[in-house]
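Peer 1: With the input below, show me the fold.
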Amino acid sequence: MAYDQGGPRPMQDVTSLNLTCATCGTPITELPFLPQMNPDGTPARPVYCREHKPQRKDFRPRGRF
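Peer 2: You can find the predicted model right below:
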């Protein structure tokens, strides 16, 4: 399995999903991932614009490596 060396992830065009920021309602056209969607077409988890993206301040790696 190959792992990324920490560079920026390529942005995915998500315009067709009609996503909006969960905080401010701004339309989202690009994300660094494709979100999981519910059967009704809504995102399974909240998505945020760049301004409201939650910051991972207390990030701790999982596992023992």
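
Peer 1: Any stretches of the chain with poor pLDDT?
Peer 2: Applying pLDDT under 70 to the chain flags the ranges 1-5, 55-65.

Peer 1: Just grab the bridge partners of I28 for me.
Peer 2: L19 (DSSP bridges).

Peer 1: Could you verify my assumption that it touches E51?
Peer 2: No: judged on CB atoms under 8 Å, I28 makes no contact with E51 at a distance of 11.1 Å. Where you see a C-beta, it was placed from the backbone N, CA and C, and this is true even at glycine.

Peer 1: quick one: common contacting residues for the two?
Peer 2: Residues touching both I28 and E51 (CB atoms under 8 Å, 6 or more residues apart in numbering): C21.

Peer 1: Looking at these two now, which is surrounded by more residues?
Peer 2: Shown here are I28 and E51; by other CB atoms under 10 Å, I28 has more neighbours (19 against 9).

Peer 1: Please give me every residue in contact with that one.
Peer 2: Contact analysis of I28 by CB under 8 Å, 6+ apart lists V14, L19, T20, C21, V47, C49.

Peer 1: same question, E30
Peer 2: So E30 contacts M11, Q12, D13, V14 (CB under 8 Å, 6+ apart).
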